[in-house]
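In: model the following, please.
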Amino acid sequence: MTRFSGHHLVCFRGERTVFENLDFELADGGALVLRGPNGSGKSSLLRLMAGLARPLSGALAWDNEAVADDAEAHHRRLHYVGHADPVKPALTVAENLRFWAALRGDGAAVASAAVGRALDGFGIAHLADLPGRYLSAGQRRRVNLARVLASAAALWLLDEPATALDDSGVACLREAMATHRARGGMVVTSAHADPLLAGGRELDLSQFRAAS
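Out: This next block holds a predicted model:
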């Protein structure tokens, strides 16, 4: 069984310790919902998990192997979706998804089939030929989320993924995460209100606030 874990993590950002002594562990099909007030470190923890930043101390491991020992391999096994929706305005929706799939090294035939599934999965097939500059905020968010379906990755790291989504978009997101987990994938997501994930284990980052 695959395991992704963090042990004794300390995050230092903006000249302060955001959290300390934080542990987590995920296995196949697992989900972790990050909770806590603004500034508690939800986004920072997701960036540590994605390898976009390093902890001040502590370690992240994949199957007991340090993530830092092979950052490129870790990048290939995950999708990270942050607050920004970096849709290229001159490319169509389908072209954006093909571009992201190609960055991960997927072959053209595989990418084309996966892009079709991703468009359907987030209800944006009718937007396939629309340039990115014409998309609304909610549509850009759907396109950005659709890339997790356009290329396979075991670990999804989603920072407040429901932002700007309408009810239909939230339903698509729930279905995508449930299907990913049913296939053995892992999901970590931050949330202020509705956690989106049925059966996800919650991690309250306020419990790991550094002593003043």
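
In: mean confidence score for the helix or strand encompassing G6?
Out: Using DSSP states H and E, G6 sits in strand 3-13. Summarised as a single mean, pLDDT over strand 3-13 is 95.

In: what's the angle between the helix or strand just after that strand and strand 3-13?
Out: Using DSSP H and E, the helix or strand that follows strand 3-13 towards the C-terminus is strand 16-27. With axes from the mean of the first three to the mean of the last three C-alpha atoms, to 10 degrees applied, the angle from strand 16-27 to strand 3-13 works out at 170 degrees.

In: what are the pairing partners of strand 16-27, and which direction each?
Out: With DSSP bridges as the test, strand 16-27 is paired with strand 3-13 (antiparallel).

In: buried ones in the strand it pairs with?
Out: Residues of strand 3-13 classed as buried: F4, S5, G6, L9, V10, C11, F12 (neighbour count, 16 or more other C-beta atoms under 10 Å). (Each C-beta comes from the backbone N, C-alpha and C, glycine too.)

In: show me where this protein has helices.
Out: Secondary structure of the chain (DSSP state H): helices at 42-50, 71-76, 93-103, 108-121, 137-150, 167-182.

In: okay, those helices in JSON lines with distance to D85, mean neighbour count and mean pLDDT next?
Out: Below are these laid out as JSON lines (distance: least, C-beta to C-beta, whole Å; neighbours: other C-beta atoms under 10 Å; pLDDT from 0 to 100):
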{"stretch": "helix 42-50", "distance to D85": "15", "mean neighbour count": "23", "mean pLDDT": "97"}
{"stretch": "helix 71-76", "distance to D85": "20", "mean neighbour count": "13", "mean pLDDT": "93"}
{"stretch": "helix 93-103", "distance to D85": "10", "mean neighbour count": "21", "mean pLDDT": "89"}
{"stretch": "helix 108-121", "distance to D85": "15", "mean neighbour count": "17", "mean pLDDT": "82"}
{"stretch": "helix 137-150", "distance to D85": "4", "mean neighbour count": "23", "mean pLDDT": "95"}
{"stretch": "helix 167-182", "distance to D85": "12", "mean neighbour count": "16", "mean pLDDT": "95"}
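
In: could I get those as a markdown table with distance to R209?
Out: A markdown table is the format used below for the helices of the chain (distance: least, C-beta to C-beta, whole Å):
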| stretch | distance to R209 |
| --- | --- |
| helix 42-50 | 12 |
| helix 71-76 | 27 |
| helix 93-103 | 36 |
| helix 108-121 | 37 |
| helix 137-150 | 30 |
| helix 167-182 | 28 |
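
In: and of those helices, who's closest to D159?
Out: helix 42-50 (5.2 Å; C-beta to C-beta).

In: what's the spacing between the closest one and its chain's center?
Out: 10 Å (C-alpha atoms, centre = their mean, to the nearest Å).

In: who touches that helix?
Out: Contact with helix 42-50 is made by 4, 6, 9, 11, 13, 18-19, 22, 34-36, 53-55, 60, 75, 78, 80, 82-83, 155, 157-159, 188, 190, 205, as judged by C-beta atoms under 8 Å, 6 or more residues apart in numbering.
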